[in-house]
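>>> using only what follows, build the 3D model:
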Amino acid sequence: MALNLFIIGPSGCGKSTQAKLIAEKYGLTHLSTGQLLRDEISSSSELGLKAKSYIDAGNLVPDEIVFEILTSNFAKLNNQDFIVDGFPRMLSQGQFIENYLSSQNQPLDLIIHLDVSFEEIQARRAKMGVDFQDKNRTDNTPEAMAARQKFYDDNNDLIMNYFQSKNLLFRTDGNRPIEPIFNDICQKINSLPQN
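Numbers count the residues shown, from 1 in each chain. Here you go, the predicted model:
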């Protein structure tokens, strides 16, 4: 059976760390929307150049570009057995992905949300050096980080309420060390109907 997972949470909450561990344990392909965009940009593809113009201006890359990059990567995987980190960021993106997977006769199994306080994220960044988590980013200024946090705060409840109502959301306390968070997520994945 396919296993299609998404992991979300505020910028710097440890999504990539958990996504890598989950991908390894369950034999999934780890897709990071940020990395896919960076790869597209470094390949200087038409989509990459379009995306770069938005990022360089400090703006979010429009959905249609993100969707095109994401769905072309899904298609390479037969639209199954992946974990996407950092997506969806808005309800419209979540609904798009749900409809896309449904059109491919594939499930959206679970959206994992790491509940991490802004204070904890700041403490982690201070401990590791502010650019540790996002060293590949060109938008890693305090202003950009604050803007990402605000965007997350403004959009997150809508995503969570929507997927909670469909029983597709799993929230876990992300203020803890890596191991207990990972164990909680694995327990949830193992309890999914097809596993």
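>>> buried ones in whichever helix in the chain runs longest?
Longest helix of the chain, by residue count under DSSP state H: helix 142-165. Using 16 or more other C-beta atoms under 10 Å as the test for burial, helix 142-165 gives 144-145, 147-149, 152, 155-156, 159-160, 162-163. In this view, the C-beta of every residue, glycine as well, is placed from N, C-alpha and C.
>>> am I right that Arg171 falls within a strand?
Yes: assessed with DSSP: H, G, I helix; E, B strand; the rest coil, Arg171 lies in a strand.
>>> who's it bridged to?
Beta-bridge partners of Arg171, counted by DSSP bridges, are His113.
>>> show me what counts as buried in the helix or strand hosting Phe74.
Using DSSP states H and E, Phe74 maps to helix 63-76. Neighbour counts using 16+ other C-beta under 10 Å place 65-66, 69-71, 73-74 of helix 63-76 among the buried residues.
>>> parallel or antiparallel, which strands does the helix or strand following it pair with?
Using DSSP H and E, the helix or strand that follows helix 63-76 in sequence is strand 82-85. Using DSSP bridges, the strands paired with strand 82-85 are strand 4-8 (parallel), strand 29-32 (parallel).
>>> hmm, who's touching the worst-scoring helix or strand of the chain on mean pLDDT?
Lowest on mean pLDDT, DSSP states H and E among the helices and strands of the chain sits helix 118-128, with a mean of 78. Helix 118-128 is contacted by residues 10-14, 132-133, 149, 174-175 when judged by C-beta atoms under 8 Å, 6 or more residues apart in numbering.
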